[in-house]
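> Take a look and give me a structure for this.
(4 chains)
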Protein chains: 2
Amino acid sequence: MTTLIFMNSAAVAAPTMLDGLGKIRVPKSCDVLAEKLQEQILSGAYPPGSSLPTERELVLATGLSRGSIRETLRILEAQGLVNTRAGRYGGSVVARPTDELLANHINLFAKGRQVSLRSLVEVRQALEPMVAYLAARNRTDDDLAELRRISAVMDAAALTDVPRFLEENANWHTALSAASHNELLHALASSVSWLMVEASRIENFASEDVRLLVARAHRRILEAIEAKDGDAARRRAERDVLAYAKYLEAAVAAAGGTMSSAPAFLAAG
Amino acid sequence: MTTLIFMNSAAVAAPTMLDGLGKIRVPKSCDVLAEKLQEQILSGAYPPGSSLPTERELVLATGLSRGSIRETLRILEAQGLVNTRAGRYGGSVVARPTDELLANHINLFAKGRQVSLRSLVEVRQALEPMVAYLAARNRTDDDLAELRRISAVMDAAALTDVPRFLEENANWHTALSAASHNELLHALASSVSWLMVEASRIENFASEDVRLLVARAHRRILEAIEAKDGDAARRRAERDVLAYAKYLEAAVAAAGGTMSSAPAFLAAG
DNA sequence: GATTTTCTATGGTCCGACAATTGACTGACG
DNA sequence: CGTCAGTCAATTGTCGGACCATAGAAAATC
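Prediction:
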């Protein structure tokens, strides 16, 4: 009888069937659908700007409930792949992930993992020279004008308005990475810049002499970018960011901590 | 009558009240709650591993429906801040965002924005030298053993198994960035490595001589890491990645395209 | 022709119900 | 006493329906 055979195979252990199956993870329906739609969107079947089917159409097509459909759409929204609007002729339209969204996710990673200030500085050290190099090579006149404008504002605020100075500093780095005309590099570098502003604000860094030093370094980098001299821009950015890193190290050491141990972000309760 | 007064103010226009209000955007309830919970989690009120209230408790506490609560949880899940399990003593527990999740979001950004292969290479050029430098300085013996292992596998596969070689190549870079012991740098660098593997697979790069060149470069970097010579590791990584970039440029040019124009990922329909 | 009103398809929200899951608890059994 | 299977209960997963809010188009009005 089949029962006997089955019991035998279970007792003696049939290795062929139990080969590579560990614990089975049953995915949620919304996760399955999200992955499926994600594939379709990335494959180009739904170009940016095109509309997804309505929620009720998706209910019909998939056999899932509207609740599951909506959970799916929230996932895709969090991934930056769709935007949803209410009202007639509304619906979910395919979108391109924005810089801000990627920056936000890097933010969450850094804060959720309590990434150390040292790590942040190291990433910045890696990115900034390349940013400066590419900015010098690829900048437009508009990019240059914007950098000049921000640089002037920073010079003015260096002695009078510290919070403003720090914010404009991040704006400067954001404008610089935008001038590199490398979308991915821009998104990464600007995220790190804003993270460092936040960390610096908390740690109360940036004494007056450092601010003047930063402003001067920016002017020197700006000159290289005006001349479209990529190598010079890179060298100066390297020196700039290295000096800043050493200053931070000293400041943190003086405060009695280490950059490795201390997380960049304190609990902002 | 009040109607008259109201009509008057509308017709004559009262500038004081219409100062800075553009179009009002009404957020969804789930977005509001998601942001609120996100703040609480990042503030440290809910440390990783701790449990969020149950869905029904959140319904009671917020006054929202369970559907909205669940949409909120899907958002937090997509952000990597919580994991949700079914069953008794299940629920949503606070989690730390994983490397894989950040890599996935960078993936979505790169593919959704059709980032060019050139941009990818540039980012890699920026990250890799710093990765090598830090790996040499911070590596453990376990890191070293893993790198040696992968390097040996790559040497073996270089002439016989191309797909295997490419995959192990990405593994090597991932292990290298892990050895840097900089979480953020590791997440960024390994994401880019895997993106390039995918792009290379599609473009059918990596001819035999290039594979041998890559394997040799890895051995040289590995030597510097064994000796904990950070500067040497960085220099060699710079040369390695630069050579690879030039090779790609030549290969793409030979194929009749440009790295700037061509997106790294073709529609995989 | 410009303005206002009406219409209606769509997402936003809520409620209630049941199924599926999962870990603790319980008790029989050896 | 330990082991094992069965029971139980709390929680998420899923479904269906209903109604409200929104926002454009289209029609009606001036």
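> hmm, who's touching stretch A:58-71?
Counting contacts by C-beta atoms under 8 Å, 6 or more residues apart in numbering or on different chains, the residues outside stretch A:58-71 that touch it are A:28-30, A:33, A:52-53, A:55-56, A:72, B:67, B:70-71, B:74. Any C-beta I mention is one placed from the backbone N, CA and C, and that applies to glycine too.
> Ok, stretch A:141-159 next?
For stretch A:141-159, the external contacting residues (C-beta under 8 Å, 6+ apart) are A:135, A:139, A:164-165, A:168-169, A:171-172, A:175-176, A:178-179, A:208, A:211-212, A:214-215, A:218-219, A:222, A:225-226.
> Does chain B have contacts with stretch A:119-136?
Yes. Legend: contact between stretch A:119-136 and chain B by C-beta under 8 Å from any C-beta of the partner chain is shown at A:Ser119, A:Leu120, A:Glu122, A:Val123, A:Gln125, A:Ala126, A:Leu127, A:Pro129, A:Met130, A:Val131, A:Leu134.
> buried sites along that stretch?
Within stretch A:119-136, the residues that qualify as buried by neighbour count (16 or more other C-beta atoms under 10 Å in any protein chain shown) are A:119-136.
> Can you tell me how far A:Ala199 is from DNA strand D?
Distance of A:Ala199 to DNA strand D, computed by C-beta to the nearest atom of the strand, to the nearest Å: 34 Å.
> ok, that residue touching A:Arg118?
No. Under the criterion of C-beta atoms under 8 Å, A:Ala199 lies out of contact with A:Arg118, with a separation of 10.7 Å.
> Spell out which parts of the stretch 51-200 of chain A neighbour DNA strand D.
Neighbours of DNA strand D within the stretch 51-200 of chain A, by C-beta under 7 Å from any atom of the strand: A:59, A:63-68, A:85-90.
> redo that, cut-off 10 Å
Residues of the stretch 51-200 of chain A found near DNA strand D (C-beta under 10 Å from any atom of the strand) are A:55-56, A:59-60, A:62-72, A:85-90.
> Any quick PyMOL command for the buried ones out of these?
To isolate the buried subset of those in PyMOL, counting by 16+ other C-beta under 10 Å, use the following:
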select buried, chain A and resi 55+59+62+64+67+68+69+70+71+72
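> Just the ones in strands from the residues of the stretch 51-200 of chain A next to DNA strand D, please.
Counting by DSSP state E, the part of these found in strands is A:Arg85.
> where along chain A do the strands fall?
Taking DSSP E to define them, one finds strands in chain A at A:82-85, A:91-94.
> The first one pairs with which strands?
Take DSSP bridges as the rule and strand A:82-85 pairs in its sheet with strand A:91-94 (antiparallel).
> Pull out the buried residues from the strand it pairs with.
For strand A:91-94, a neighbour-count test (16+ other C-beta under 10 Å) marks A:Gly91, A:Ser92, A:Val94 as buried.
> does the last one really touch A:Gln79, like I thought?
What that stands for is A:Val94. No. Taking C-beta under 8 Å as the contact criterion, A:Val94 and A:Gln79 are not neighbours in contact, 11.5 Å apart.
> shared neighbours of these two, which are they?
Common neighbours of A:Val94 and A:Gln79 (criterion: C-beta under 8 Å, 6+ apart): none identified.
> rewinding a little: for B:Leu184, which of the strands of chain A is the nearest?
Nearest to B:Leu184 among the strands of chain A is strand A:82-85 (27.8 Å), distances taken as C-beta to C-beta.
> ok, and does that closest one reach over to DNA strand C?
Yes. Strand A:82-85 is in contact with DNA strand C by C-beta under 10 Å from any atom of the strand, via A:Asn83, A:Thr84, A:Arg85.
> tell me the contacts of the last one?
With C-beta under 8 Å, 6+ apart as the criterion, the residues that contact A:Arg85 are A:Gly91, A:Val93.
> Can you give me the separation between the residue nearest the centre of chain A and DNA strand D?
Among the residues of chain A, the smallest C-alpha distance to the mean C-alpha position (C-alpha atoms, centre = their mean) belongs to A:Ala103, namely 2.9 Å. Applying C-beta to the nearest atom of the strand, the value for A:Ala103 to DNA strand D is 26 Å.
> mind checking pLDDT for that residue?
Reported pLDDT at A:Ala103 in the predicted model: 96.
> Not including adjacent chain positions, what is the nearest residue to it?
In space, and not counting its chain neighbours, A:Ala103 is closest to A:Ser191: 4.0 Å by C-beta to C-beta, 6 or more residues apart in numbering or on different chains.
> In contact with that neighbour, which residues?
Contact criterion C-beta under 8 Å, 6+ apart gives A:Leu102, A:Ala103, A:Ile106, A:Asn107 as the residues in contact with A:Ser191.
> ok, back up a step: show me the buried residues of stretch A:119-136 that map onto helices.
Among the buried residues of stretch A:119-136, DSSP state H puts A:119-136 in helices.
> ok, which residues in chain A are in contact with DNA strand C?
With C-beta under 10 Å from any atom of the strand as the criterion, chain A comes near DNA strand C at residues A:23-26, A:51-59, A:65-67, A:69-70, A:73-74, A:77, A:83-93.
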